[in-house]
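Asks: below is the sequence, then the predicted model.
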Amino acid sequence: MDKILQYGRELLELELQEAQKLPNRLGKDFINACQLILSTKGKVVVSGIGKSGHIGKKIAASLASTGSPAFFMHPSEALHGDLGMVTPNDVAILISYSGRAKEFNFILPILAEMNVPVIAITGGLDSPLAKSAQAILDISIEKEACPMGLAPTSSSTNTLLMGDALAIAVMRTRGFKEEDFARSHPAGSLGAKLLNHVRDVMRTGDRIPKVPQTATVLDTMLELSRTGVGLVAICQDNNKIVGVFTDGDLRRLLLKKGTLQDNIIDVMTCPGHRIPENWKAVEALKSFNDHNITAAPVVNSKDELVGVLNIHDLHQAGIS
């Protein structure tokens, strides 16, 4: 068992040693690579074969999700029709540790003819790929972490790190924000928090608990039971809220010997907390927490009742 731990630690130490050399290699070529991506009017085409291809897919995905439209093109498929996806407005990132992937020998002249700039991620600084590139990102290593020196380990880690550095540097230069990130991840928890507004998750129609200001406590209690939201909005004829009545208000009223025949306008909480429909859902959650409440009526810009929201609605929408 000690041997297994030793093997794992040796690999990590070797890969970390090689990775620590990368920051000092970033210079004019890295700046040029970022500027090529930032200035392109088309997409970023990422290509590589073998382990480079697998990492290339991740780099393309990282670019696409951080504001730089990108896709992965397999070199073999490129030679059988997929090069048709590339336009003169694009920029290409070609990945090959040696810089001598034979497929690129056919692809590079076509990209040059189309005036598509090439960013090379390679360890072969004198390779055909490097010589054809407008920007060279050096991922060279002294030693693979594989004891036989065969399986890409340190080199593939360097490739991944360089791709991440490129994507995030471009993202930050572009001024890409959380809201932008959420738009490309609408199904995730971040998307739920940043994209959903109160109007998207509130209850509407007959699911809104409300009674007129002429109602009694009994009328309001029945409405509380019907909707199960935890509060009822007390409204004027024009749908303007004059107060709210909650489960807690009902309990406090009964403890004070109030009756179900009392007029609701005399015992309601006035004016009561309310939430604008155009707030982001995450703002509503913060408001609930700040005021130590679990539900509130929702109003439009005219302060008219348009819905109701409780904390369970937010949780069901993935906002917590």
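Replies: Ah, there it is. Keep in mind the model is a prediction, meaning the values are calculated, not measured. Numbering: from 1, shown residues only.
Asks: C-alpha only now, for contacts and for neighbours.
Replies: Noted.
Asks: shaky segments in the stretch 1-150 of the chain?
Replies: 150 (pLDDT under 70).
Asks: all strands for it, in order.
Replies: Residue ranges of the strands in the stretch 1-150 of the chain, as given by DSSP state E, counting those that start in this stretch, are 44-48, 70-72, 91-95, 118-122, 135-138.
Asks: tell me which of the ones you listed lies nearest to residue 176.
Replies: Residue 176 lies closest to strand 70-72 among the strands of the stretch 1-150 of the chain, at 15.5 Å (CA to CA).
Asks: how far does that closest one sit from the chain's center?
Replies: 18 Å (CA atoms, centre = their mean, to the nearest Å).
Asks: kindly report the same for stretch 92-100.
Replies: Using CA atoms, centre = their mean, the offset of stretch 92-100 from its chain centre is 29 Å.
Asks: so where's the stretch 151-300 of the chain uncertain?
Replies: For the stretch 151-300 of the chain, counting by pLDDT under 70, the residues that fall below are 178-195.
Asks: just the endpoints, please. Distance across stretch 143-157?
Replies: 12 Å (CA to CA, to the nearest Å).
Asks: typo on my end, it should be stretch 88-102
Replies: So stretch 88-102: terminal residues 23 Å apart, CA to CA.
Asks: got it, and stretch 305-318?
Replies: End residues of stretch 305-318 are separated by 25 Å (CA to CA).
Asks: which residues does residue 122 contact?
Replies: For residue 122, the contact set (CA atoms under 8 Å, 6 or more residues apart in numbering) comprises 95-99, 129-130, 136-140, 159.
Asks: distance to residue 196 added to the strands of the stretch 1-150 of the chain, as JSON lines?
Replies: Compiled in JSON lines, the strands of the stretch 1-150 of the chain are given as follows (distance: least, CA to CA, whole Å):
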{"stretch": "strand 44-48", "distance to residue 196": "30"}
{"stretch": "strand 70-72", "distance to residue 196": "26"}
{"stretch": "strand 91-95", "distance to residue 196": "34"}
{"stretch": "strand 118-122", "distance to residue 196": "38"}
{"stretch": "strand 135-138", "distance to residue 196": "40"}
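Asks: do you know which of these lies nearest residue 31?
Replies: Of those, nearest to residue 31 by CA to CA is strand 135-138, at 8.7 Å.
Asks: most remote residue from the protein's center?
Replies: residue 257 (52.9 Å; CA atoms, centre = their mean).
Asks: from residue 25, how far out is residue 17?
Replies: Residue 17 is 14 Å from residue 25, by CA to CA.
Asks: ok, now residue 97?
Replies: Counting by CA to CA, the gap from residue 97 to residue 25 is 16 Å.
Asks: go on, residue 227?
Replies: 64 Å.
Asks: could you do residue 272 as well?
Replies: In terms of CA to CA, residue 272 sits 61 Å off from residue 25.
Asks: ok, the two, which is more surrounded?
Replies: Each of residue 272 and residue 25 has its neighbours counted (other CA atoms under 10 Å); residue 272 has more, 16 against 12.
Asks: now the helices for the stretch 151-300 of the chain?
Replies: With helices called from DSSP state H, counting those that start in this stretch, the stretch 151-300 of the chain shows them at 154-174, 178-183, 189-195, 198-201, 217-227, 247-255, 264-267, 281-291.
Asks: TSV please, covering these and showing distance to residue 118 and mean neighbour count.
Replies: Converted to TSV, those look like this (distance: least, CA to CA, whole Å; neighbours: other CA atoms under 10 Å):
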stretch	distance to residue 118	mean neighbour count
helix 154-174	14	20
helix 178-183	26	16
helix 189-195	33	19
helix 198-201	44	19
helix 217-227	62	18
helix 247-255	66	14
helix 264-267	73	18
helix 281-291	42	17
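Asks: closest one to residue 65 among these?
Replies: That would be, of the helices of the stretch 151-300 of the chain and by CA to CA, helix 178-183, which comes in at 6.5 Å.
Asks: how about the backbone phi and psi for the residue farthest from the centre of the chain?
Replies: Main-chain torsions, residue 257, degrees, to the nearest 10: phi 70, psi 20.
Asks: again with the one 4 residues further on
Replies: The main-chain torsion angles of residue 261 are listed as degrees, to the nearest 10 and equal phi -90, psi 0.
Asks: if I look at the closest residue to residue 304 other than its chain neighbours, how far off is residue 274?
Replies: Spatially, and ignoring its direct neighbours in sequence, residue 304 is nearest to residue 240 (4.8 Å; CA to CA, 6 or more residues apart in numbering). Separation of residue 240 from residue 274 (CA to CA) stands at 12 Å.
Asks: what's the answer for residue 68, then?
Replies: 40 Å.
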